[in-house]
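Colleague: What follows is a protein structure lacking sequence information:
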Ligand code: F6R
């Protein structure tokens with residue numbers, strides 16, 4: 001019996017074989033949450049990493065294993081300045097990858113308004129809307145190669161609220177693949193839930209896959225809590241789970257301990 005999982009560590013690390021296994025594990029955790037709380041508010045991330053989660057959850061829904069009809073969906077971030085309906089606006093992506101495949105109505109979905117004239121007011125309105133909705137029950141996160149969560153780039157305040165941020169060049173290069181490889185098309189600005197906002201979710205689940213994330217993952221769970229690696233703020237949360245594939249785990253010094261702990265985790269504890 002190990003104490004790390006039993007007492008709930010600030011960050012629990014689960015090492016899985018590959019992205020598909022990570023997606024299935026997290027989708028099972030979301031399904032369990034929805035069985036306990038059918039109207040749960042799910043915070044979703046965009047980008048490539050969470051796609052296996054949405055695919056696995058959709059498969060469970062189609063197989064009749066879970067009823068998601070009362071679930072609500074909240075966006076994590078949004079580009080500023082893309083025209084309404086742009087296929088790479090995060091609103092479009094979440095509708096396409098999450099809301100439609102799960103058979104939810106667009107009314108069950110909330111996100112910040114990236115085309116608002118008064119961006120600051122839109123940010124404050126989004127924080128207020130999340131609180132009015134009862135807060136996020138489970139926030140799914142990806143991680144940037146520079147350690148960002150949401151689009152809280154390095155040196156974001158760990159207490160930050162939803163606000164406008166400027167993307168680093170590295171993030172714009174990373175995201176150019178969604179814009180036909182043309183970095184000039186990647187917006188410079190985004191609205192992102194702040195780190196303080198993200199930390200208010202009841203359960204944080206970060207998925208990282210591929211070797212390109214290994215350094216950021218090691219800094220997140222084994223480094224100090226420091227604004228230079230925004231994801232390290234997960235260490236401050238009472239219930240944070242980091243799911244990594246073997247490649248993303250490759251720079252973890254404590255990998256064997258994390259494997260041992262998870263192998264001995266009591267089943268009743270769930271994700
Ligand atoms: C997207 C988001 C970002 C991504 C991160 C990783 O909503 O919040 O933090 O999760 O940039 O992106 P991928 O998964 O494409 O490597």
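Modeller: Ah, there it is. Bear in mind the structure is a predicted one, so any value in this text is a computation, not a measurement.

Colleague: Run through the residues that contact residue 102.
Modeller: 54, 57, 58, 61, 68, 71 (CB atoms under 8 Å, 6 or more residues apart in numbering). All C-beta atoms are positioned from the backbone trio N, CA, C, and that covers glycine.

Colleague: Return the member of those residues nearest to residue 47.
Modeller: For those, the minimum distance to residue 47 (CB to CB) is 11.5 Å, reached by residue 54.

Colleague: Neighbours of that closest one, how many?
Modeller: By other CB atoms under 10 Å, the residues close to residue 54 number 22.

Colleague: gap between stretch 199-211 and the chain center?
Modeller: Stretch 199-211 has its C-alpha centroid displaced from the chain centroid by 5 Å (CA atoms, centre = their mean, to the nearest Å).

Colleague: Please apply the same query to stretch 166-173.
Modeller: The chain centroid and the centroid of stretch 166-173 are separated by 18 Å under CA atoms, centre = their mean.

Colleague: Adding pLDDT as columns, could you present the contacts of residue 102 in CSV?
Modeller: Formatted as CSV, the contacts of residue 102 follow (pLDDT from 0 to 100):
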residue, pLDDT
54, 98
57, 98
58, 98
61, 97
68, 97
71, 98
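
Colleague: Please list the members of the residues you listed that lie in strands.
Modeller: Residues of the contacts of residue 102 located in strands (DSSP state E): none.

Colleague: Of the residues you listed, just say which sits nearest to the ligand.
Modeller: Closest to the ligand out of the contacts of residue 102 is residue 54 (12.0 Å), distances taken as CB to the nearest ligand atom.

Colleague: Spell out which parts of the stretch 1-150 of the chain neighbour the ligand.
Modeller: 45-49, 76-77, 142-144, 148-150 (CB under 6 Å from any ligand atom).

Colleague: Highest neighbour count among the contacts of residue 102?
Modeller: Neighbour counts for these peak at residue 57, which has 27 neighbours (criterion: other CB under 10 Å).

Colleague: what's the pLDDT at the residue lying closest to that one once chain neighbours are set aside?
Modeller: Residue nearest to residue 57 in three dimensions, not counting chain neighbours: residue 27, with 4.1 Å by CB to CB, 6 or more residues apart in numbering. As predicted, residue 27 sits at a pLDDT of 98.

Colleague: tell me the pLDDT at residue 190?
Modeller: For residue 190, the model assigns a pLDDT of 98.

Colleague: Now do the same contact list for it.
Modeller: Applying CB under 8 Å, 6+ apart to residue 190 gives the contacts 77, 78, 79, 80, 114, 151, 164, 165, 167.

Colleague: List phi and psi for residue 164.
Modeller: In terms of degrees, to the nearest 10, the main-chain angles of residue 164 are phi -80, psi 140.

Colleague: What is the neighbour count of it?
Modeller: Using other CB under 10 Å: residue 164 sits among 16 other residues.

Colleague: Same question for residue 209.
Modeller: Neighbourhood size, residue 209 [other CB under 10 Å]: 27.

Colleague: Hmm, it is touching residue 49, no?
Modeller: Yes - counting by CB atoms under 8 Å, residue 49 is a contact partner of residue 209 at 5.7 Å.
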